[in-house]
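In: following is a predicted model, sequence given first.
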Amino acid sequence: MEKADLLRGMIAEKQRQIDLYQQMIAEWQKELGESPNDAATGASPATTAESKAHPDDPVAGVRTYQFFNKSQPEAAKLLLEFVGHPLRTEEVIRGIEKGGVAVGGKTAKDKKQNFYTILQRGEDFVRFKRDTWGLAKWPGAPKKSEQKDDEKEKAGE
């Protein structure tokens, strides 16, 4: 199993390098006034086809092992930054699992409950509405204290 972990680590490192090079190429093309295209930025045909095939799927662009060696909160934060808008709990779970992070729980309900608790406790995450999460640093994000007040009001009803 050690060899597999070593290989996964090497793959993750090379993928980070590829991502960095793609960003650099896109910036240079932008400076030249050219529009970055999929071939020039090195986007894989599978990723491009996947994104075009499912334009409404927020996790379509997530690659296998994209979040390798990340904790659940780290992966969720990276996913939300990647997508750029709030996602439902199930979508976040699906995205980070697609990216190589396991979420604990025997059933889908257990997974959701466990992960919901992790997001609730994390300083980086806020609920934008019921069962929908975003990043606390985003403009218009509700404050954690406002969420607690809302929960108390609902409990009192």
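Out: That came in fine, so what should we check first?

In: can you list the domains in the chain?
Out: Following automatic domain parsing, one gets these domains for the chain: 1-43, 58-156.

In: rank these by mean pLDDT and give me the bottom one.
Out: Least confidently modelled of the domains of the chain is domain 1-43, at a mean of 72 by mean pLDDT.

In: so how far is stretch 60-78 from its chain's centroid?
Out: Chain-centre distance of stretch 60-78: 6 Å, with C-alpha atoms, centre = their mean, to the nearest Å.

In: thought L80 was touching T132?
Out: No - counting by C-beta atoms under 8 Å, L80 stays clear of T132, with 11.0 Å between them. For glycine as for every other residue, the C-beta is placed from the backbone atoms N, C-alpha and C.

In: okay, and the common contacts of the two?
Out: When contacts are counted by C-beta atoms under 8 Å, 6 or more residues apart in numbering, L80 and T132 have 86-87 as shared neighbours.

In: ok, longest helix in this protein?
Out: helix 2-32 (DSSP state H).

In: mind listing the strands for this structure?
Out: In the chain, the strands defined using DSSP state E lie at 87-88, 125-129, 132-135.
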